[in-house]
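>>> any chance you can model this:
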Amino acid sequence: MSETRDFLSGLLDKVKDAAENTGVSGVYAMGVERAKAYGRITRLSVGAGAQADELDKVFREIGRLYYEQNAGHAAGLFVPLFEQAARLQGGIEEKNAEIKAIKAELGESKAKGSLDEQADRVEEEISAFDDVVDATTDDGIGKE
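Take a look at the predicted model:
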């Protein structure tokens, strides 16, 4: 048993020496450090991205507040931007008015009856038409 232990111990020492001498442990350590560095870069990038999003929200709020306070009297570089904002607001109002009109139209057609009621009326009309066709067919049988 002692010989086996000595043999394994010697073999382990030789493997350690080979690993240290060939630089395998150095490559492994370098790989670990690189993985840690990339993980840190990822965490920092995600954090920076979140802060950039928050900063964009702050800038939008600053712009909104400035616009509201100075809408009637823009000056300098802000004049074309205020004009563009006014055009966009007008377009939004037009679209909202059109949406309201369409909804009102839909409401009127809804008042004329629900889709189920309309479907029932169509089925009644089809049934009445079938009755006329059947009666006409019956009248025409044997008159050839």
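>>> quickly find the element holding the most centrally placed residue in the chain.
The centre of the chain sits closest to residue 53, judged by CA atoms, centre = their mean, with a distance of 16.2 Å. Using DSSP states H and E, residue 53 sits within helix 24-70.
>>> roughly how far is that helix from the heart of the chain?
21 Å (CA atoms, centre = their mean, to the nearest Å).
>>> before we move on, the earlier item: and the residue nearest to the centre of the chain, how far from residue 46?
The gap separating residue 53 from residue 46 is 11 Å, by CB to CB, to the nearest Å. C-beta: built from backbone N, CA, C; applies to glycine.
>>> one more: residue 54?
Applying CB to CB to residue 54 and residue 46 gives a distance of 13 Å.
>>> quick check: mean pLDDT of stretch 32-40?
Mean per-residue pLDDT for stretch 32-40: 88.
>>> circling back to that earlier point, quick one, grab the pLDDT at the residue nearest to the centre of the chain.
95.
>>> what do you get for residue 111?
58.
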